[in-house]
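In: would you be able to build a 3D model of this:
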Amino acid sequence: MIDKETRLGVEGRPPKLMLLVNGMQHAVLILGIGLAMPILVLSHSGLSEQQAGHLLSLSMIAVALSTLLLIQARTIIGSGYLIPAVYTAAYLPPCIAAMQHGGPALVMGMLMFGGVLQMAIAPLIFRLRAYLPTEIGGLAVVMIGVTLGSLGIHMLLETQAPVGLEAPPGYLLLLGLVTLFLMMGLSVWGKGSWRYYCSLWGILLGVVTAMSLGLIDWREEMGHIVTQGFAFPQPLLHWPQFSWHLAPAFAVGALICVMRGMGDMIAAQKVEKPQWVRPDYARIRGGLLADGMGNFLAGLLGSPSGLNTSSGNVGLAAATGITARRMGYGIAAFLVLIALLPGVAQFFLHTPRPIFGAVLLFSSALIIFNGMRVIFSRLLDARRMLTLGVPLVVGLNFDWLQLHANPVIEPVTRIFNSGVMLALVLALLLNFLFRIGITQRMEWQTSPQLLKWQDTQARLKTQGGQWGLRVDVMERALKAIHEVVEALAQNSGPQVPVTIEVAFDQVELRVRVHYQGQPLPMVANVEMDAEELMTLDERQTEERLRAAMLLRLADRVQQSTFDGGRQCLELLFDH
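Out: Numbers count the residues shown, from 1 in each chain. Model (predicted):
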């Protein structure tokens, strides 16, 4: 039994029982919420029930394959974290349109097209970081959390009983609340497996309660599972088709999947590393490539719905403390098993929606919190506040915009079918617009005697807000500049002319201090043994301590001497 405070980290090796049970917990969350999307697309297909069932099973296999790609930690492919795949709403409207206009063959081709676009963007994510900044990834996580929470509330308050059954509305609400409070209680006060499998325990209790209230006919459901048995899905052999008319909608869906995937990976990194300071772009690139490959494979298999990373499962992993990426093998195995048991998939469709609404509401709270942590890890000036704030408000009011759409707004709400999509595209456009007038370099001349420290702090913080600097990097840079200026005042005099230059390239914050005189002794021979330290006088000791402080604050320090005694002290801070 594992103690409550013990986490199973990303490289942990879960026991077989945990691999099975927790994998089932994640798979139940994926299917319980996401199956509605491929079913909705298939409802516009005109296929027979048997053909639709085969495509539905193939879509589960596609989710399993995409999950296996996402959890890899290889050099090129994989996020390296426990981030399963799930059906996504980003491709839902264009998939419905493709099914209506060209059937499964057109859906296949367009999903493959979207996957190729995602794979094309993945290698460029580092170069595009100025236009796809971390805080917009955090906004994506917040909006997804809010959307999932809103969907969870709607499902929690569901008043319609499963087909063929009747029950007072109060029974359904009771069912959802029992599930929700059990999961929250086990997450906060539970120990060992009670905490780790809190979501699964909640679902099991909800199912048992539903059976006792007459909301699930367990005899009939078990009969379906037994009689239908195993069935290998048969793909519909079509040559993939392509439509230029639908290409823009699938391109927007691909961009949304990239931003959502980036946000989920940043959230997973923050869960795994409490002292997280910057995104690991190598892993993000690998994860986005895996996500694109997952959609390409989904199209190739004939899945009626596109895929993306699962924010709900990232939140579930954070709640349980089991973030071992190898859990993905258990998730994939369970998904494949369900794909081969059509009766079990049917059972998921007949499970009362308030149960899964409680799971969504539970997971959304942690998703929103992780997104907010990502956003507020950056300095935010007026530009960035507007870049995030306006899209957030617009996205949260998307349903109202749809209800009150006029001829100008209606095309926008038709193209961007959700608040998440609209908020992210608007944030990207505002980020691009507000970059006008932002300089990536600033400098000023002063002297230690004339330097007003409060003005320097205000100047750097204002510019840092425009650049989107991390708060901790800015604070370290300010302390380092202060140490250098004090050293110059003691070494060269309070009136020595000093030019301070600050530049930022989204990777490093570079501070250069130019002055006339001798190199500062504080940057050389910092490490000394105890006997040598005893031979130093008070001033030399102070220089050594200042050098140690400076090298601790900056990631790298370089001293250059030029003709005429000109000096340049360069301080580099990784961002």
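
In: mind listing the strands for the stretch 1-150 of the chain?
Out: 85-87 (DSSP state E, counting those that start in this stretch).

In: next one: the chain
Out: 85-87, 307-309, 441-446, 498-504, 508-516, 556-561, 566-574 (DSSP state E).

In: with mean neighbour count and mean pLDDT added, can I get those in a markdown table?
Out: In short, each C-beta sits where N, CA and C put it, glycine included. Listed next are the strands of the chain as a markdown table, based on neighbours: other CB atoms under 10 Å; pLDDT from 0 to 100:
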| stretch | mean neighbour count | mean pLDDT |
| --- | --- | --- |
| strand 85-87 | 29 | 91 |
| strand 307-309 | 31 | 92 |
| strand 441-446 | 13 | 82 |
| strand 498-504 | 19 | 87 |
| strand 508-516 | 19 | 86 |
| strand 556-561 | 14 | 84 |
| strand 566-574 | 18 | 85 |
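
In: so for His44, which of these sits nearest?
Out: His44 lies closest to strand 85-87 among the strands of the chain, at 15.6 Å (CB to CB).

In: partner strands of that closest one, parallel or antiparallel?
Out: strand 307-309 (antiparallel) (DSSP bridges).

In: off-centre distance for the strand it pairs with?
Out: Relative to the centre of its chain, strand 307-309 is centred 11 Å away, using CA atoms, centre = their mean, to the nearest Å.

In: then stretch 325-345?
Out: Stretch 325-345 sits 23 Å away from the centroid of its parent chain (CA atoms, centre = their mean).

In: for that stretch, output the C-alpha coordinates as PDB.
Out: C-alpha atoms of stretch 325-345 as PDB (Å, rounded to 0.1, in the frame of the first residue of the first chain):
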ATOM      1  CA  ARG A 325       3.500   7.800 -18.000                       C
ATOM      2  CA  ARG A 326       3.600   3.900 -18.200                       C
ATOM      3  CA  MET A 327       0.000   4.100 -17.000                       C
ATOM      4  CA  GLY A 328      -0.800   4.900 -20.600                       C
ATOM      5  CA  TYR A 329      -0.200   1.200 -21.500                       C
ATOM      6  CA  GLY A 330      -3.000   0.200 -19.100                       C
ATOM      7  CA  ILE A 331      -5.200   2.900 -20.600                       C
ATOM      8  CA  ALA A 332      -4.600   1.700 -24.100                       C
ATOM      9  CA  ALA A 333      -5.100  -1.900 -23.300                       C
ATOM     10  CA  PHE A 334      -8.500  -1.200 -21.700                       C
ATOM     11  CA  LEU A 335      -9.600   0.900 -24.700                       C
ATOM     12  CA  VAL A 336      -8.700  -1.900 -27.100                       C
ATOM     13  CA  LEU A 337     -10.600  -4.400 -24.900                       C
ATOM     14  CA  ILE A 338     -13.700  -2.100 -24.900                       C
ATOM     15  CA  ALA A 339     -13.300  -1.800 -28.700                       C
ATOM     16  CA  LEU A 340     -13.600  -5.600 -29.000                       C
ATOM     17  CA  LEU A 341     -16.600  -5.800 -26.600                       C
ATOM     18  CA  PRO A 342     -19.400  -3.800 -28.200                       C
ATOM     19  CA  GLY A 343     -21.800  -4.600 -25.400                       C
ATOM     20  CA  VAL A 344     -19.500  -2.700 -22.900                       C
ATOM     21  CA  ALA A 345     -19.400   0.400 -25.100                       C
END
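
In: save the strands of the chain as JSON lines, and put in distance to Leu139 too.
Out: JSON lines is the format used below for the strands of the chain (distance: least, CB to CB, whole Å):
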{"stretch": "strand 85-87", "distance to Leu139": "20"}
{"stretch": "strand 307-309", "distance to Leu139": "16"}
{"stretch": "strand 441-446", "distance to Leu139": "27"}
{"stretch": "strand 498-504", "distance to Leu139": "21"}
{"stretch": "strand 508-516", "distance to Leu139": "23"}
{"stretch": "strand 556-561", "distance to Leu139": "32"}
{"stretch": "strand 566-574", "distance to Leu139": "24"}
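
In: Pro38: what's it in contact with?
Out: By CB atoms under 8 Å, 6 or more residues apart in numbering, the contact set of Pro38 is Leu55, Leu56, Ser59, Tyr87, Ser303, Pro304, Ser305.

In: can you tell me the closest non-neighbouring residue to the third one?
Out: In this case it means Ser59. Ser303 (3.9 Å; CB to CB, 6 or more residues apart in numbering).
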